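Visitor: Mind folding the following:
(one chain, ligands or ions: 1)
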Amino acid sequence: MKSLCTDGGLAGLSIRDLPLPEPGPGEVRVRVRASAMNPADQKVLGGEFIGNFLHGKQVPIVGGYDVAGTVEALGASVTDLAVGDEVFGFLAYGRGTKRGAFAESAVVTASTLARRPVSLSPTDAAALATAGVTALQSLRDLGRLQAGQRVLVVGASGGVGSLAVGVAARLGAEVTGICGGAAAELVRSLGAARIIDRGTTVPDPARYHVIFDAAAAHSWLAMRSRLEPGGTYVTTLPGPGVFLGMAVAPLFGTRCAFISVAPKRADLELLATWVGEGMRVPIDSRFPVRDGRAAIERMARGGMKGRVVIDVEGGF
Ligand SMILES: NC(=O)c1ccc[n+]([C@@H]2O[C@H](COP(=O)([O-])OP(=O)(O)OC[C@H]3O[C@@H](n4cnc5c(N)ncnc54)[C@H](OP(=O)(O)O)[C@@H]3O)[C@@H](O)[C@H]2O)c1
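Guide: Okay, the predicted model is just below:
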């Protein structure tokens, strides 16, 4: 099967023919229609050190966590999916993931995939999977965001942040988004009541029940004075400041947490329902998988307005 892969580093990124993977017990093989480019793909394919913790080091490395496609083979003991089902989801962000979805076929744990409703296109499904579940688990599970509360989303026009705006609005919260000026209209249209320009120096007097730092641009320490009593700061990347925050935040009557997203069928289903009800999946751009390097360069340029989708079906 054709795959976009590298033996390490972006310079070696190329299309190669690899053996078709066989699904093991509890797994299915999916004929991939669409995937998406996440920052984790940049790290894994770029050979960055952190990439070693996100992906098994089986070479050649095939990127692509997000997947939307058609089940084409079942491993032993899979009873809840059938050949021909249209599904979407994402591969686990961990060393157990050996081969990704920038390939004609990918093996995925069956129980983590959801059926893709007709109302959700393969493109939107791929863009929604990691980013939407990250937003949902960050806001609902870690942030414990409740209807009527105020939430601040940092990086509100990126892949995760743009969906966090929509998710927070669905949870009934009042959303403020921080983004670059060029993305203000997009973020407002996704459900933000208020926009803060990323470059502003005007102080924001508001206090928030949840601050979701999707861009991992700040720290609990820097944001603590903007939290309501009992409020939570959630970030997307671990680091020394996060662990310090987790230890110290309770002493100030607040909480600090970082997300480690896990693929969950029920969460994918909930997001698909919300999209069916009108929640938007912002797509910054689309690239055929053969142009994977151009997709990575697009992300590196910044100014993101949603997710970069990779068209796999027909894209080789
Ligand atoms: N831990 C987990 O489970 C998990 C899951 C998913 C993602 N992540 C991580 O979450 C981060 C965001 O992912 P993503 O997919 O949303 O990335 P993305 O699509 O590249 O978006 C990042 C956004 O952050 C904005 N940004 C960058 N620096 C900023 C700053 N100083 N202030 C405000 N906004 C800033 C960017 O704006 P510009 O484009 O204008 O620069 C962009 O809109 C990545 O580091 C990713 O690895 C972690």
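Visitor: quick one, phi/psi of the single nearest residue of the stretch 1-150 of the chain relative to the ligand?
Guide: Here the residue of the stretch 1-150 of the chain nearest the ligand is Pro39; by C-beta to the nearest ligand atom that distance is 3.6 Å. Heads up, the C-betas are built off the backbone N, CA and C, glycines and all. When read as degrees, to the nearest 10, the backbone of Pro39 gives phi -50, psi -30.
Visitor: For it, grab the count of nearby residues.
Guide: 18 (other C-beta atoms under 10 Å).
Visitor: so who does it touch?
Guide: 159, 299 (C-beta atoms under 8 Å, 6 or more residues apart in numbering).
Visitor: could you measure it against Arg16, distance?
Guide: 24 Å (C-beta to C-beta, to the nearest Å).
Visitor: For stretch 63-76, list every residue counted as buried.
Guide: By 16 or more other C-beta atoms under 10 Å, the buried positions in stretch 63-76 come out as 63-75.
Visitor: neighbours around the closest residue to Leu227 other than its chain neighbours, how many?
Guide: Excluding the flanking residues, the one nearest Leu227 by C-beta to C-beta, 6 or more residues apart in numbering is Thr254, at 4.9 Å. For Thr254, the count of nearby residues is 20 (other C-beta under 10 Å).
Visitor: got a list of what Thr254 touches?
Guide: 220, 224, 227, 229-233.
Visitor: What subset of those is buried?
Guide: 220, 224, 227, 231-233.
Visitor: quick one: pLDDT of Ala216?
Guide: Ala216 carries a pLDDT score of 97 in this model.
Visitor: That one and Arg33: what is the separation?
Guide: Counting by C-beta to C-beta, the gap from Ala216 to Arg33 is 30 Å.
Visitor: which one of the two has more residues nearby?
Guide: Higher neighbour count among Ala216 and Arg33: Arg33, with 23 against 19, using other C-beta under 10 Å.
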